[in-house]
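>>> Build the 3D model from these lines:
(2 chains)
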Amino acid sequence: MATLIESPATKLSKDEVLRYSRHLIMPEVGMDGQLKLKQARVLCIGAGGLGSPLALYLAAAGVGKLGIVDFDTVDFTNLQRQIIHDTNDVGRPKLTSARETIADINPNVEVVGFETRLTSENALDIFKDFDIVADGTDNFPTRYLVNDACVLLGKPNVYGSIFRFEGQASVFYAKEGPCYRCLYPEPPPPGLVPSCAEGGVLGVLPGIVGCIQAIETIKLILGRGHSLIGRLLLFDALNMKFRELKLRKNPECPVCGTHPTLTKLIDYEQFCGIRGEEHVPPTKVPEITAPEVKKMMDEKKPFVLVDVREPHEFQICRIPGSVLIPLGDVPKRMNELNSADEIVVHCRSGMRSAQAVEFLMKSGFRKIHNLKGGVLAWADQVDPSMPKY
Amino acid sequence: MPVKVIIPTPLRQYTASKDSVQLEAKTVAEALAGLTAQYADLRRHLYNDQGKLRSFVNIYLNDEDIRYLQKEQTPLVSDDIISIVPSIAGGLPRENMGACCQ
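Predicted coordinates:
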């Protein structure tokens, strides 16, 4: 593998020698490797589930300059896995919180923060001052953007991805192997993928995958070992199995192939169909607000309240009197509903229920409304004691 | 040939939560046809309307991508393992964002 980081002429301070002594006494790292780490500049995309362990370990290991791109603020639902933030950070920018945690762990690390959404306009400019990019993003537009920007700039992209109990990791480095587009030329169209209700992730999983990314990043810096270039590592936590698949460079890859057609960054939201027709949120369906539904209840107006969330969500909280028909079961269970009744449909935030209302309207239901904002709106506007998730 | 198809987490909701399915097949195409015959809902997640494998779903025979073998016509031998490897977006999908593509 080509050397990414040249051994610099600088030296470690006495304090640094002590701090990194367990690295320095390993022949695979040694003084030369530790100086390479100090010289290295790594950019973490996101300070979330993957970015937390990644940034923490890279900082502890003595990576000299850590860039972090994140524009989000910490919320309570992050704390189950985003261990760079703590309870006191809720409401604060993730960048501020991450910067403080890193400074506590290793004040020798220079943190460069980019409190912005990564876009086609700013990506090349942000990436250019870093040696390695570590992708901890949670969405397809950013994933393709990071890939393409890394290919165009000739930088390695240390990739990790997670879903519930399952993770993937690899190193995409077009100079020496395949890129993400060689693996997946196109993203899935929104909507054709398991529903959001099937989401969720075990908190420890990004810990494991983020640590794999950290190790691969450090190996690239040291120029040691066999990197994940050309290999996709699959991790199944439920069965505790690691598997490995071969990745090949696709000669017809539009960005890193022999005749690339993609020579500059594009509109990734459009590429991923997010602004495309397929993802225009379900057509406008009749809506009703949470206080209006509450009023109907108080006035004892007859209506049927249908909850289209999943059973495990129903266990978290529910609006009194609601009937559970998970979105996927609506087609086969709609005979349980009477189109002569007034019907209000709801989910967590109002997206899935809009799909259900659209489907039921096509099936002939007319007296039907979508509860705007779902149980989240109910918790905000009607019953503050209801837990939100 | 008895072969095993490994089902990734996001698609297990269409296979009655099974993480792998054993079946008899002589080619990758036969194995996938057998699988989607058993689990009809899986079909639209693997194939597009033209009946072609979707570009965000990769099929591996053991550790090799079938695109670099004989694609769906790749012959199988006993105890081969076929993996379905869809792209996953990581993080936590959010209902109110387009990022909900997993």
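
>>> Residue A:158 sits in which helix or strand?
Per DSSP states H and E, residue A:158 falls inside strand A:157-163.

>>> what lines up beside that strand in the sheet?
strand A:132-135 (parallel), strand A:166-172 (antiparallel) (DSSP bridges).

>>> got these as JSON lines, with mean neighbour count columns?
Every C-beta, even on glycine, is put in place using the N, C-alpha and C of the backbone. As requested, the strands paired with strand A:157-163 are exported to JSON lines (neighbours: other CB atoms under 10 Å in any protein chain shown):
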{"stretch": "strand A:132-135", "mean neighbour count": "27"}
{"stretch": "strand A:166-172", "mean neighbour count": "26"}
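
>>> quick one on the thing from earlier: now the strand holding residue A:158: mean pLDDT?
Summarised as a single mean, pLDDT over strand A:157-163 is 94.

>>> so what pLDDT did residue B:24 get?
97.

>>> Ramachandran coordinates for it?
phi -100, psi 130 (degrees, to the nearest 10).

>>> Could you look up the SS state of residue A:335?
helix (DSSP: H, G, I helix; E, B strand; the rest coil).

>>> So what's the residue count around residue A:162?
31 (other CB atoms under 10 Å in any protein chain shown).

>>> I'd guessed residue A:309 sits against residue A:348; true?
Yes - counting by CB atoms under 8 Å, residue A:348 is a contact partner of residue A:309 at 5.9 Å.

>>> Look up how far chain B lies from the nearest residue to residue A:102 once chain neighbours are set aside.
The shortest distance from residue A:102 to any non-neighbouring residue, by CB to CB, 6 or more residues apart in numbering or on different chains, is to residue A:59 (4.5 Å). Here the criterion is CB to the nearest CB, to the nearest Å. By it, residue A:59 lies 21 Å from chain B.

>>> Quick one: residues contacting residue A:59.
A:66, A:102, A:105, A:106, A:109 (CB atoms under 8 Å, 6 or more residues apart in numbering or on different chains).

>>> Buried only: go through those for me.
A:66, A:102, A:106, A:109 (16 or more other CB atoms under 10 Å in any protein chain shown).

>>> Those: which two are farthest apart?
A:66 and A:106 (9.5 Å; CB to CB).

>>> Show me where chain B has its strands.
B:2-6, B:20-24, B:57-61, B:64-65, B:81-86 (DSSP state E).

>>> Turn those into TSV, including distance to residue A:118 and mean neighbour count.
Output for those, formatted as TSV (distance: least, CB to CB, whole Å; neighbours: other CB atoms under 10 Å in any protein chain shown):
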stretch	distance to residue A:118	mean neighbour count
strand B:2-6	33	18
strand B:20-24	37	14
strand B:57-61	26	21
strand B:64-65	29	17
strand B:81-86	24	20
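
>>> Export those as CSV, with columns for distance to chain A.
Output for the strands of chain B, formatted as CSV (distance: least, CB to the nearest CB, whole Å):
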stretch, distance to chain A
strand B:2-6, 8
strand B:20-24, 10
strand B:57-61, 5
strand B:64-65, 6
strand B:81-86, 7
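
>>> any chance of these in CSV, with distance to residue A:344 too?
As requested, those are exported to CSV (distance: least, CB to CB, whole Å):
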stretch, distance to residue A:344
strand B:2-6, 42
strand B:20-24, 40
strand B:57-61, 37
strand B:64-65, 48
strand B:81-86, 35
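
>>> Listing request: residues of chain B with sub-threshold pLDDT.
Along chain B, segments meeting pLDDT under 70 span B:90-102.

>>> any idea which helix is longest in it?
helix B:28-38 (DSSP state H).

>>> hmm, that helix touching chain A?
No - using CB under 8 Å from any CB of the partner chain, helix B:28-38 never reaches chain A; the gap is at least 14.7 Å.

>>> Okay, and the closest residue to residue A:99 other than its chain neighbours sits in which element?
Setting aside the residues directly before and after it, residue A:99 is nearest to residue A:111 in space (CB to CB, 6+ apart), at 4.9 Å. Under the criterion of DSSP H and E, residue A:111 resides in strand A:110-114.

>>> Other residues contacting that strand?
Taking CB under 8 Å, 6+ apart as the rule, strand A:110-114 contacts A:64-70, A:95, A:98-99, A:102-103, A:122, A:126, A:129.
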